[in-house]
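Q: Whatever this is, show me its structure:
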Amino acid sequence: MDVMELLDLTLPTPAENLALDEALLDEAEGSVQARETLRLWEPGDPMVVVGRSSKIADEVRVEVCRARGIPILRRSSGGAAIVAGPGCLMYALILNLEERPALRAIDHAHRFVLKTLADALRPLVPAVRCQGISDLAVGHEKFSGNSVRVKRGHLLYHGTLLYGFPLELIEECLGMPPRCPSYRKQRPHRAFVTNLPLSAAAIRQALVTAWGATDVRLDWPKAATARLAAERYANPDWSL
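A: Numbers count the residues shown, from 1 in each chain. This next block holds a predicted model:
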């Protein structure tokens, strides 16, 4: 397999940024080359992103988001709603299932990716650990939520890494999720989430090193991203 490529790219709109993750997965599926990518990006403004099957009314304080001008979008992977924005580094991994067949089992995919991330961050923050099914935490306080989408030959694994985020915004925008990991112990968002005590640059470097993403991508699927953004992610009928 070729070396994993790095795409450090934030696009102008929330819809385009969500669309690019899916476009990278579709691109890998249609390629004859075994290509894996680590993408890093950070939203310029707050946004709420719900899972593919989320019921927005059950997870999001819709009126608060509307009053504050915070868009609500739907991603292509599962899981519950998240709030992102400046101070929240987003990452996406496109992994080849022909080369990594064990990742076809979703529980193994979670364990593999999260262990890699935790091992990369623990030398900087020793209390980092994997928690629940798809969380990373400092002790028992969550700083990263993650989700996965699997296709025939590749998977998309993506998530959040809070490092300088206004945590009160999560409490304002989201209700309690419909399913909670046991380690949460029914704590409200403000008592459950935390920021990783690192800079964005330090987190970026840790991830790049952990995944061996030494080749910088200069290309990305522009046309597919624009199409998916228009047809899905910027389309209220898709998001709501």
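
Q: The residue nearest to the spatial centre of the chain in helix, strand or coil?
A: By Cα atoms, centre = their mean, the chain has its centre lying nearest to Gly159, at 1.9 Å. Classification of Gly159 by DSSP: H, G, I helix; E, B strand; the rest coil places it in strand.

Q: Tell me how far it lies from Leu40.
A: In this view, Gly159 and Leu40 are 12 Å apart by Cβ to Cβ, to the nearest Å. For glycine as for every other residue, the C-beta is placed from the backbone atoms N, C-alpha and C.

Q: got it, and Ala19?
A: From Ala19 to Leu40 the distance is 16 Å (Cβ to Cβ).

Q: okay, these two: which has more neighbours?
A: Set side by side, Ala19 and Leu40 show more neighbours around Ala19, with 27 against 20, by other Cβ atoms under 10 Å.

Q: pretty sure the more buried one is touching Asn235, no?
A: No - using Cβ atoms under 8 Å, Ala19 is not in contact with Asn235, being 10.8 Å away.

Q: Need phi/psi at the nearest residue to Asp45 once chain neighbours are set aside.
A: For Asp45, ignoring the flanking residues on the chain, the nearest one in space by Cβ to Cβ, 6 or more residues apart in numbering is Gly85 at 6.0 Å. Main-chain torsions, Gly85, degrees, to the nearest 10: phi 160, psi -170.

Q: again, but for Leu156
A: Dihedral angles (degrees, to the nearest 10) for Leu156: phi -110, psi 120.

Q: So which residue of the chain lies furthest out from the middle?
A: Max distance from the centre of the chain (Cα atoms, centre = their mean): Val32, 26.1 Å.
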